[in-house]
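1. below are the sequence and a predicted model; questions follow.
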There are 2 protein chains.
Amino acid sequence: MKDVKQVGRASVALETPLYIRQSATVVGKMEGEGPLASGFDMICDTDKFGEETWEAAESRMQHEAVALALGKAGISAKEIRFVFAGDLLGQNIATSFGLMDYEIPLFGLYGACSTLGEGFVLACMCLAGGFANQVMVVTSSHFAGAEKNFRFPVEYANQRPCSATWTVTGSGAYVLSSDAGNVKITGFTAGKIMDYGVRDAQNMGAAMAPAAMDLIKTHLEDFGRQPSDYDKIVTGDLGSVGQTLLLRLLEEKGFDLNGIHEDCGMRIFDSENQGTQAGGSGCGCSAVTLAAWYLPKLISGEYRRILFVPTGALLSQVSFNEGQNVPGIAHGFVLEHVDTE
Amino acid sequence: MKDVKQVGRASVALETPLYIRQSATVVGKMEGEGPLASGFDMICDTDKFGEETWEAAESRMQHEAVALALGKAGISAKEIRFVFAGDLLGQNIATSFGLMDYEIPLFGLYGACSTLGEGFVLACMCLAGGFANQVMVVTSSHFAGAEKNFRFPVEYANQRPCSATWTVTGSGAYVLSSDAGNVKITGFTAGKIMDYGVRDAQNMGAAMAPAAMDLIKTHLEDFGRQPSDYDKIVTGDLGSVGQTLLLRLLEEKGFDLNGIHEDCGMRIFDSENQGTQAGGSGCGCSAVTLAAWYLPKLISGEYRRILFVPTGALLSQVSFNEGQNVPGIAHGFVLEHVDTE
């Protein structure tokens, strides 16, 4: 068991840090043509990953991401005590069918695109509480599976408004350890649902911005920190429309994140040339961007400390068709550089 | 922080126990006409709970169950640090829209009908690790919402085979505390996915029996216990068909649970007279049966110790239509009588 401290309303400070021991990413064709290509472990030249359906393709990505992460860490699945995992599909089927063969006790999570954050928070509780020494966090999303699930089948070729985000086809797998690794986890903040009345399933950035605002505000207040205590405060998949709203909402609350805020959805694609509108989104977006872009900078020491905040929009085909709002949720965790003498 | 001990492959012994401080249940009409009627806190005379859709009705049940549990415990929502919750609907919409107004940081879970077990296990980690002093676990299911989601719309009036189970319309909410309560939680075991190749969405008992077997076997081995160390070992919603399979599977592994095994799905309805075939099922089944039937017996001391094992079948409309198997998962926790001098 590690020293932990409940901080404020919804945060925990890990006085003895936990570690990211290893990570691995698997992405589709378009992500592999984007600006982060060189940071991914596996890029598939189709989005089917050798499977017959979009859902099976997504399961295959999770399966391969876990295999790669285990291989890079030089450990077997038996050395992972629990896995915390989820995806965007109804009833988490990408996760169930993707991870089944590893026979690791599984906690299935649903936090929409915030699931990576939820997974890290719960995995940290598990490790810091002494319930395991090594666990994994895995999430994924697939563009075609998500479009079919939440909007229109891809074959329908609907027009996409400028506020639309493009669901990332990708999966990220993380081995977290209580002993050692090359990036430290020093705290986390759990988020609550925020509903500002957005009803546009083509504007997830607006739906999630209030939750991101609330999480970042709560985190800074709980820890008694300023935005400048972080090299970057990174959201999962707000995109450019959501970023504008987030910065404005935070400004209203007295926090200036200009120059400090970044969004994974604005990193993963070259939106202007790749036609991805406001940016990338999905459970896979933050999962692969963290590993491909932010972890190397934390390992090298270019960044000393970041707050990483995956953001999710809570809707289903049914809730949307029944006229419900699209509320948001976000969970955040603090990553820090490990000094090596 | 409490004394905890990793036990075996997938279990944790809580050497300083945690507690169920309070519980509350909300159920539909048919559950209120069944044998456990007197144990429920709220019975609605329609299954719409004043809402316009089945999904909103399910959200309303969760909302009311939480209100009742808080009221019975004499606390406000602000005194609950985190809530662990889930349901069967795609993207957990019953939970999102049901719990939003409480503004409690939320961990959305998906373990199909095992979600109550998953919630208890994660909540125990959270409390025993010192990350919170008081949390809630909430799950729900709704017959009509589940039929529409997984099988046929109710209006289609399909025939139901004898192996079918009847999804319980109900929600259970639990306040767990690290300090005091009237039932102790002394350990838990996390489950892995088990796939025996079942493909019949009308036979969930068969789909889940292997996962229940594996969880119970792992639990007994991890703790070095015999079935007779428990007054009852209770599964969530195998029904009569699943029970027969479970007892046979456990016998093959060398464990005789005859007379010790019970199933919430076989308790909640009078299947012969209520026409519920093999029994009750759903996230709500174990959630309301635990509170209405088992907790009173643990409080009175009639039962000294039980192992409670909610069981889930992992499928979605999409996975089923694409011809995937229906694997199962289960998570278990140990409840014990609190001696009061």
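-> Sure thing, it's come through. Because the structure is predicted, anything quoted here is derived from the model rather than measured.
2. ok, the residue of the stretch 151-300 of chain A found nearest chain B - contacts?
-> Going by Cβ to the nearest Cβ, chain B is nearest to residue A:190 of the stretch 151-300 of chain A, at 3.8 Å. All C-beta atoms are positioned from the backbone trio N, CA, C, and that covers glycine. Applying Cβ atoms under 8 Å, 6 or more residues apart in numbering or on different chains to residue A:190 gives the contacts A:10-11, A:118, A:121, A:331, B:82, B:105-107.
3. for residue A:156, see how far away the closest residue in space to it that isn't next to it in sequence is.
-> In space, and not counting its chain neighbours, residue A:190 is closest to residue B:105: 3.8 Å by Cβ to Cβ, 6 or more residues apart in numbering or on different chains. Residue B:105 sits 37 Å away from residue A:156, going by Cβ to Cβ, to the nearest Å.
4. check residue A:237 too.
-> Taken as Cβ to Cβ, the span from residue A:237 to residue A:156 is 23 Å.
5. between those two, who's got more neighbours?
-> Per other Cβ atoms under 10 Å in any protein chain shown, whichever of residue A:237 and residue A:156 has more neighbours is residue A:237, with 36 against 9.
6. ranges for the helices of the stretch 1-150 of chain A?
-> If DSSP state H, counting those that start in this stretch is used as the criterion, the helices of the stretch 1-150 of chain A fall at A:29-32, A:54-73, A:93-99, A:115-128, A:143-150.
7. do the fourth one and chain B meet at all?
-> Meaning helix A:115-128. Yes: against chain B, helix A:115-128 shows contacts by Cβ under 8 Å from any Cβ of the partner chain at A:118, A:121-122, A:125-126, A:128.
8. mind listing the strands for the stretch 101-250 of chain A?
-> For the stretch 101-250 of chain A, the strands defined by DSSP state E, counting those that start in this stretch cover A:106-108, A:134-141, A:166-167, A:170-177, A:183-189, A:232-235.
9. so how far is the shortest one off the chain centroid?
-> Centroid separation between strand A:166-167 and its chain, computed with Cα atoms, centre = their mean, to the nearest Å, is 13 Å.
10. kindly report the same for the last one.
-> Averaging C-alpha positions (Cα atoms, centre = their mean) puts strand A:232-235 12 Å from its chain's average.
11. wait, doesn't residue A:274 sit right on residue A:36?
-> No: contact criterion Cβ atoms under 8 Å: residue A:274 and residue A:36 do not qualify, at 11.8 Å.
12. who has more neighbours out of those two?
-> residue A:36 (22 against 16).
13. can you pull the contacts of the more buried one?
-> Contacts of residue A:36 by Cβ under 8 Å, 6+ apart are A:267-268, A:288-289, A:292-293.
14. just those now: which is nearest residue B:203?
-> Nearest to residue B:203 out of the contacts of residue A:36 is residue A:288 (Cβ to Cβ; 38.4 Å).
15. beyond the helix or strand that contains that closest one, next helix or strand please.
-> Using DSSP states H and E, residue A:288 maps to helix A:283-289. Later in the chain than helix A:283-289, the nearest helix or strand by DSSP H and E is helix A:295-300.
16. residues contacting that next one, please?
-> A:20, A:23, A:39, A:182-183, A:303, A:306, A:335-338.
17. from those residues, which would you call buried?
-> A:20, A:23, A:39, A:182-183, A:303, A:306, A:335-337 (16 or more other Cβ atoms under 10 Å in any protein chain shown).
18. picking that back up, wait, the residue nearest to residue A:190 sits on residue A:192?
-> Yes: in this structure residue B:105 lies within contact range of residue A:192 using Cβ under 8 Å: 4.8 Å.
19. now do the shared contacts for these two.
-> With Cβ under 8 Å, 6+ apart, residue B:105 and residue A:192 have common neighbours residue A:10.
20. of the residues of helix A:115-128 next to chain B, closest to residue B:324?
-> residue A:118 (25.0 Å).
21. ok, that closest one - how many residues close by?
-> Neighbours of residue A:118 using other Cβ under 10 Å come to 29.
22. that one is in contact with residue B:107, isn't it?
-> Yes: taking contacts as Cβ under 8 Å, residue A:118 lies within contact range of residue B:107: 5.8 Å.
23. now for those two: what residues contact both?
-> Between them, residue A:118 and residue B:107 share the contacting residues A:109, A:111, A:190, judged by Cβ under 8 Å, 6+ apart.
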